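Peer 1: can you look at this prediction? I've put the sequence above it.
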Amino acid sequence: MTYALVIHGGAGAQPGVDYEEQRRHLADLIAIGHKMLAAGESALETVAAMVANLEASGLYVAGKGSAPNLDGTVELDASIMNGRDRRAGAVAAIPNIVSPVHAARLVLEDGRHVMLAGNGAHAFALTNNAEAIADPESYYTEHVGHGSAKETNNRTHGTVGAVALDSGGDLAAATSTGGTFNKLPGRVGDTPLIGAGTWADDLVAVSCTGIGEAFIRTCAAHDVAARMRYGNAGLNQASEAVLREVKKCDGDGGLIAVDCTGKIVMPFNSDGMKRAAISNSMPAIVRVFEPETGEFS
Ligand code: ASP
């Protein structure tokens with residue numbers, strides 16, 4: 001039985017900052033995900049659970065830990081994709097919903113559309129019983145209501161994401177973010193854009209993190225899959241090539257990916273990326289800095 005799981009807490013990690021709390025959280029969470037996949041849970045269910053937990057922790061710039069826009073409001077982006085049938089759901093600039101990835105999942109399950117934005121996304125989520133945030137002032141870890149100039153040392157930007165291969169051979173990916181600090185109201189990054197921040201098909205599942213504008217301009221997540229499908233690139237070769245293109249667009253960041261054989265990569269061109277991986281044949285790896293060389297399983 002082959003399965004694999006990778007999660008990330010963003011590529012905005014800064015040298016010299018203590019990420020012990022995030023490391024501990026990632027270690028505990030990947031163990032939960034491992035149990036789910038070992039018990040036969042689907043990749044889609046597993047990545048949804050991983051990202052919802054990362055959002056709720058308040059330790060990353062997503063969900064509870066999100067930073068407000070320049071005008072002091074919080075607008076969040078998230079997406080999720082199922083590799084087998086390419087069903088996908090996304091929400092962009094959604095306000096006041098506890099779990100944007102859950103809202104994205106609701107869009108996927110509904111099936112009429114792939115992406116909903118802003119107030120329409122919020123209304124759709126509420127209609128489908130998603131949990132709303134009653135008092136944003138007290139909910140978010142960052143102070144809401146006075147603009148977001150606060151770039152705390154350990155949380156400059158820090159999207160969260162997960163990719164998985166399940167024991168049935170299916171792949172899935174999910175990503176969720178509060179976006180970049182000091183973003184303009186209405187700004188939408190790569191995270192909710194299927195093909196830019198998130199992708200899953202029958203070959204590979206990818207979740208990106210970093211300066212979203214560069215990941216949009218390179219269509220980064222899908223480009224990993226395209227290089228594998230049309231150019232016969234290996235997972236590592238494809239991922240490294242995509243990050244080089246991202247760099248050419250002045251983007252720093254990273255990605256996590258797993259292919260249909262269970263191979264894993266977690267490359268980044270920033271200083272660090274909070275990340276963890278596990279598979280049926282490999283104990284958990286939890287790292288912030290120290291890049292891996294190549295793919296592993
Ligand atoms: N990619 C995200 C965005 O641009 C930010 C991040 O990954 O930290 O919204």
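Peer 2: Yep, that arrived.

Peer 1: low pLDDT regions in the chain?
Peer 2: Scanning the chain with the threshold set as pLDDT under 70 gives 142-157.

Peer 1: who in it is up against the ligand?
Peer 2: Contact residues, the chain versus the ligand (Cβ under 6 Å from any ligand atom): 10, 12, 61, 157-159, 177, 179-180, 189-191, 209-212, 253. (Each C-beta comes from the backbone N, C-alpha and C, glycine too.)

Peer 1: tell me the secondary structure at the closest residue to residue 284 other than its chain neighbours.
Peer 2: The shortest distance from residue 284 to any non-neighbouring residue, by Cβ to Cβ, 6 or more residues apart in numbering, is to residue 278 (4.5 Å). Following DSSP: H, G, I helix; E, B strand; the rest coil, the label given to residue 278 is strand.

Peer 1: measure the residue nearest to residue 179 when sequence neighbours are not counted to residue 78 for me?
Peer 2: On the basis of Cβ to Cβ, 6+ apart, the spatially nearest residue to residue 179 that is not a chain neighbour turns out to be residue 189, at 5.2 Å. When Cβ to Cβ, to the nearest Å is the yardstick, residue 189 and residue 78 sit 11 Å from each other.

Peer 1: touching both of these two, which residues are there?
Peer 2: Overlap between the neighbourhoods of residue 189 and residue 78 consists of residue 177, taking contacts as Cβ atoms under 8 Å, 6 or more residues apart in numbering.

Peer 1: more neighbours: which of the two?
Peer 2: It is residue 78, of residue 189 and residue 78, that has more neighbours when counted by other Cβ atoms under 10 Å, with 35 against 27.

Peer 1: let me know the secondary structure of that one.
Peer 2: Look at residue 78: counting by three-state DSSP, its state is strand.

Peer 1: and it, bridged to which residues?
Peer 2: Legend: beta-bridge partners of residue 78 under DSSP bridges are residue 91, residue 176.

Peer 1: quick one, strands of the protein?
Peer 2: Taking DSSP state E to define them, one finds strands in the chain at 4-8, 75-82, 88-95, 115-117, 160-165, 171-177, 198-200, 204-210, 253-259, 264-265, 275-279, 282-287.
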